[in-house]
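Chemist: Pasting a predicted model and its sequence here:
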Amino acid sequence: MSEKPQSYELAVERLEQIIDRLDSGQAGLRETLDLCGEGRDLVTYCTAELDAVGEGLKELKLDELATKLDSAAS
Amino acid sequence: MDLPGPFPVGRYAKTLRDELRKRARVQLIGEVTGLRQTPKQAYFELRDSEGAVPCTIWTNELAQLKLPEGALRDGAEFVAGGGPDYFIGSQTSSPGFSFRVTHLRLAGEGDLLARLEALRKQLEVEGLFELQRQLRRPVLPKTIGVVTAETGAARRDLLAGLQRRGWAGTVVWAFAPVQDRHAAPAITAAIQDLAAQPQVEAIVVTRGGGSLADLWAFCDETLCRTVAMLRVPVVSAVGHERDSTLIDDVAAVACSTPTHAAEAVVPLDCGEARLGLGRSVASLSRAAEGAVPARTPHLVALARGPARALRRERLALNQKTREIRAASERGVAERLGFQRRLATVVLERARRRAEGAEMERRRAALHRAEVALRAHEPERTLERGYALVEDREGEPVTDTAGAVAAERVRLRFADGIVGAEIEESA
């Protein structure tokens, strides 16, 4: 796996570049296979990011969050 | 001490009071705090973020103003008309300065707008409008903080907006009063507390619509300065009127409704993003699976390449051989022709040369013949003193018999002709 993307938007931007390059038909065999591998990693990352905000809304009050953090720290 | 005096203090107090009373009468605007009423007077402070002035108003004068019931209360914005005064004290009460109020009215929209405008200009000049806008906003925050009233439509609308986005991350609520004199400090504290949590990637500050006075807490200078300096982006959605509150100017994004705030704080439509990822996966699969098959015809063509190249080379070679042969035959013929032409030229030259010699020889012979001929010409002989005998017709008479027969002859000398008669031979 290549380096982990810094953010969802950077990952999507790179993914679009990769698909543009593949669609252009100019990439050689080795480059195509490398780009496909990198693209799949990016899709995996983006899917995980979407899953993280897709499993059900969690609501916390600020003091609950603070308490949770304190208990985690101790 | 070189100062004048000492003066009796009571007299000095009265002079001070008289001087203060000479100052121009003005109107002040600010928030009423610390209100207390006695039978004779009402006391309060008029305050804003920069300072305060203690005010007093006679109870009877206050009654004459006919303010709405309960209007004069702590936290209310008021305009007070009057001037500075000094109470010189008495046997039972302490002296003190106050702004003696003679007119008092609730601050209207116009007063608030004028204050807001002044504050807005000041913050803008300090560059505080730009700071939040320069922050990077995540398109897909996992945790967002929200400052709003615990009860109210704003909370519900924001949640509905987030759900429409397909977003179901973590919302951290920081509830605060959104409309009274405690609102601004409470909201400020809530925003600071949320920003202090490392998980919180963006903050929404929202409340429903109202008059400018209702929304006044969101024009608070301290609140707005705090928001401007935060490193976490703040999305504001206060009231329904765009740009009516100062927090809209300092926030990263200002929205007109909580629903819009939901779209601003989670810029990514998660449902569409999932569809987009699906399309990306399809593109990648197509590219990966097609990578080898797409190249197969080319590879096959490459594999056939050597045989085809060989055939092409052989054809080219044959062609060259034919050309060389043709060229060599043509070369021999050309060479023969050339030699022929060369021989012709040489012979011609020889001929011309030979002709020239012949002519010369002939010319010399002719010259010799001419000389010889000239030597034989009768004129040459006559010049040497001889004479030619001709008959009457001019024919030469070459012997005696001819002369006798002619009887009369002509004698041709070099310089002319004379007649002569023949006598009988001697």
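Modeler: Nice, I can see it.

Chemist: So which bits of chain A are right by chain B?
Modeler: A:7-9, A:12, A:15, A:18-19, A:22-23, A:29, A:32-33, A:35-36, A:39-40, A:43, A:46-47, A:49-50, A:52-62, A:65-66, A:69 (C-beta under 8 Å from any C-beta of the partner chain). Yep, even glycine has a C-beta here, placed from its N, CA and C like the rest.

Chemist: from these, which would you call buried?
Modeler: A:8-9, A:12, A:15, A:18-19, A:22, A:32, A:35-36, A:39-40, A:43, A:46-47, A:49-50, A:53-54, A:60, A:62, A:65 (16 or more other C-beta atoms under 10 Å in any protein chain shown).

Chemist: Next step: those residues restricted to strands.
Modeler: Of the positions in those, A:Leu60 sit in strands, assigned by DSSP state E.

Chemist: mind showing which ranges of chain A have poor pLDDT?
Modeler: By pLDDT under 70, the low-scoring segments of chain A are A:1-2, A:73-74.

Chemist: swap the cut-off to 80 and go again
Modeler: Judged against pLDDT under 80, the low-scoring parts of chain A cover residues A:1-4, A:55, A:65-74.

Chemist: Spell out the residue ranges of the helices in it.
Modeler: For chain A, the helices defined by DSSP state H occupy A:8-24, A:29-52, A:62-73.

Chemist: Same list (those) but as CSV, adding distance to B:Phe44.
Modeler: Shown next, in CSV, are the helices of chain A (distance: least, C-beta to C-beta, whole Å):
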stretch, distance to B:Phe44
helix A:8-24, 53
helix A:29-52, 53
helix A:62-73, 34
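
Chemist: Spell out which parts of the stretch 51-200 of chain B neighbour chain A.
Modeler: B:138-142, B:145, B:159, B:162-163, B:166-175, B:190, B:193-194, B:197, B:199.

Chemist: Find the closest residue to chain A in the stretch 101-250 of chain B.
Modeler: B:Gly169 (3.7 Å; C-beta to the nearest C-beta).

Chemist: wait, doesn't that residue sit right on A:Lys58?
Modeler: Yes - the pair B:Gly169 and A:Lys58 passes the contact test of C-beta atoms under 8 Å, sitting 7.3 Å apart.

Chemist: Can you tell me the element B:Leu159 falls in?
Modeler: Per DSSP states H and E: B:Leu159 is located in helix B:153-164.

Chemist: Let me know the average pLDDT across that helix.
Modeler: Averaged across helix B:153-164, pLDDT comes to 90.

Chemist: buried residues in it?
Modeler: B:Ala154, B:Arg155, B:Asp157, B:Leu158, B:Leu159, B:Gly161, B:Leu162.

Chemist: roughly how far apart are the third one and A:Leu57?
Modeler: Taken as C-beta to C-beta, to the nearest Å, the spacing of B:Asp157 relative to A:Leu57 amounts to 15 Å.

Chemist: do the same with the last one
Modeler: With distances taken as C-beta to C-beta, B:Leu162 is found 7 Å from A:Leu57.

Chemist: Overlap of the contact sets of the two?
Modeler: B:Ala168, B:Val171 (C-beta atoms under 8 Å, 6 or more residues apart in numbering or on different chains).

Chemist: Give me the contact list for stretch B:26-44.
Modeler: B:45-48, B:52-59, B:62, B:72-83, B:98-99, B:103, B:107, B:111, B:115, B:181.

Chemist: Which residues in that stretch does the neighbour count mark as buried?
Modeler: B:Gly30, B:Glu31, B:Val32, B:Gln41, B:Ala42, B:Phe44.

Chemist: Which members of the residues you listed are positioned in helices?
Modeler: Going by DSSP H, the helices hold none of those.

Chemist: Looking at these, spot the one nearest B:Val253.
Modeler: B:Glu31 (28.9 Å; C-beta to C-beta).

Chemist: Looking at strand pairing, list the partners for that closest one.
Modeler: Counting by DSSP bridges, B:Glu31 is bridged to B:Arg47, B:Glu77.

Chemist: so where's the stretch 101-250 of chain B uncertain?
Modeler: Judged by pLDDT under 80, the stretches of the stretch 101-250 of chain B that qualify are B:109, B:152, B:180-182, B:211-213, B:240-244.

Chemist: where exactly do the strands run in it?
Modeler: B:143-148, B:170-175, B:202-207, B:234-238 (DSSP state E, counting those that start in this stretch).

Chemist: now do the stretch 301-426 of chain B
Modeler: Under DSSP E, counting those that start in this stretch, the stretch 301-426 of chain B gives strands at B:388-390, B:408-413, B:416-421.

Chemist: Can you add mean neighbour count and mean pLDDT and give those back as a markdown table?
Modeler: Listed next are the strands of the stretch 301-426 of chain B as a markdown table, based on neighbours: other C-beta atoms under 10 Å in any protein chain shown; pLDDT from 0 to 100:
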| stretch | mean neighbour count | mean pLDDT |
| --- | --- | --- |
| strand B:388-390 | 18 | 85 |
| strand B:408-413 | 16 | 87 |
| strand B:416-421 | 10 | 88 |
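
Chemist: Need those strands in TSV (columns: distance to B:Arg325).
Modeler: What follows is the strands of the stretch 301-426 of chain B, written out as TSV (distance: least, C-beta to C-beta, whole Å):
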stretch	distance to B:Arg325
strand B:388-390	87
strand B:408-413	88
strand B:416-421	91
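
Chemist: Looking at the helices of chain A, which is nearest to B:Val346?
Modeler: helix A:29-52 (74.1 Å).

Chemist: Restricting to C-alpha, output the closest one in PDB.
Modeler: Coordinates of the C-alpha atoms in helix A:29-52 are reproduced here as PDB (Å, rounded to 0.1, in the frame of the first residue of the first chain):
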ATOM      1  CA  LEU A  29       1.400  -1.900 -19.000                       C
ATOM      2  CA  ARG A  30       3.600  -1.500 -15.900                       C
ATOM      3  CA  GLU A  31       2.200   2.000 -15.100                       C
ATOM      4  CA  THR A  32      -1.400   0.800 -15.700                       C
ATOM      5  CA  LEU A  33      -1.000  -2.000 -13.200                       C
ATOM      6  CA  ASP A  34       0.700   0.300 -10.600                       C
ATOM      7  CA  LEU A  35      -2.000   2.900 -11.000                       C
ATOM      8  CA  CYS A  36      -4.700   0.300 -10.600                       C
ATOM      9  CA  GLY A  37      -3.100  -0.900  -7.400                       C
ATOM     10  CA  GLU A  38      -2.800   2.700  -6.000                       C
ATOM     11  CA  GLY A  39      -6.400   3.400  -7.100                       C
ATOM     12  CA  ARG A  40      -7.700   0.400  -5.300                       C
ATOM     13  CA  ASP A  41      -5.900   1.500  -2.100                       C
ATOM     14  CA  LEU A  42      -7.400   4.900  -2.400                       C
ATOM     15  CA  VAL A  43     -10.900   3.500  -2.900                       C
ATOM     16  CA  THR A  44     -10.400   1.300   0.200                       C
ATOM     17  CA  TYR A  45      -9.300   4.400   2.200                       C
ATOM     18  CA  CYS A  46     -12.200   6.500   1.000                       C
ATOM     19  CA  THR A  47     -14.700   3.700   1.700                       C
ATOM     20  CA  ALA A  48     -13.400   3.400   5.200                       C
ATOM     21  CA  GLU A  49     -13.700   7.200   5.700                       C
ATOM     22  CA  LEU A  50     -17.300   7.100   4.400                       C
ATOM     23  CA  ASP A  51     -18.100   4.000   6.600                       C
ATOM     24  CA  ALA A  52     -16.800   6.000   9.600                       C
END
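
Chemist: Would you mind listing the outside residues contacting it?
Modeler: If you take C-beta under 8 Å, 6+ apart as the criterion, helix A:29-52 is touched by A:1-2, A:4-5, A:8, A:11-12, A:14-15, A:18-19, A:21-22, A:27, B:140, B:142, B:169, B:270, B:273-274, B:277, B:280-281, B:283-284, B:287-288, B:291-292, B:295.
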